[in-house]
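1. Structure, please.
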Amino acid sequence: MPLSRIANYNVLEGPLLGGFGEVYKVYDTEWGDEFALKTVPGPLLSTSPKLDWFRHEIALWIALPTHGNVVRAIKAFEFEGRPYVLMEWVGGGDLRSRIRSLDAVKALAVLRGVASGMMHI
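-> Purely as a prediction, here's the structure:
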């Protein structure tokens, strides 16, 4: 059964599967805005070193100064034994699909933006 709520957030979409996590598009009724919630997949919940890495990654991410090419992490919390990070929602699909849909000049501009964000990190 799909989730309809995670903590104080109404689930709009998800889970969307990424390289190392599950992401939910959520709506925060208090803030009146859409966000993303990232968590680890169920099988990793029993793997302590990977959970520790996830928590460490989130702590570093939240501490980063903002940058136009880095998704902003807002806060971390645990809900029903699972760690989550609340972050800004960036629509538009995944990077691979986006790059493939562009001509070479526009794709290069997007990749420069990615490189700029990686340098910031």
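2. Could you say which helix or strand holds the closest residue to Ser4 other than its chain neighbours?
-> Computed as Cβ to Cβ, 6 or more residues apart in numbering, the closest residue to Ser4 that is not its neighbour in sequence is Val11, at 5.7 Å. Bear in mind the C-beta positions are built from the backbone N, C-alpha and C, glycine included. Under the criterion DSSP states H and E, the helix or strand holding Val11 is strand 9-17.
3. Return the list of strands paired to that strand, each annotated with direction.
-> According to DSSP bridges, strand 9-17 has the following sheet partners: strand 5-6 (antiparallel), strand 22-28 (antiparallel).
4. got the buried residues for the last one?
-> Burial within strand 22-28, assessed by neighbour count using 16 or more other Cβ atoms under 10 Å, is assigned to 22-26, 28.
5. Following the chain onward from it, which element is next?
-> From strand 22-28 onward toward the C-terminus, using DSSP H and E, the following helix or strand is strand 33-39.
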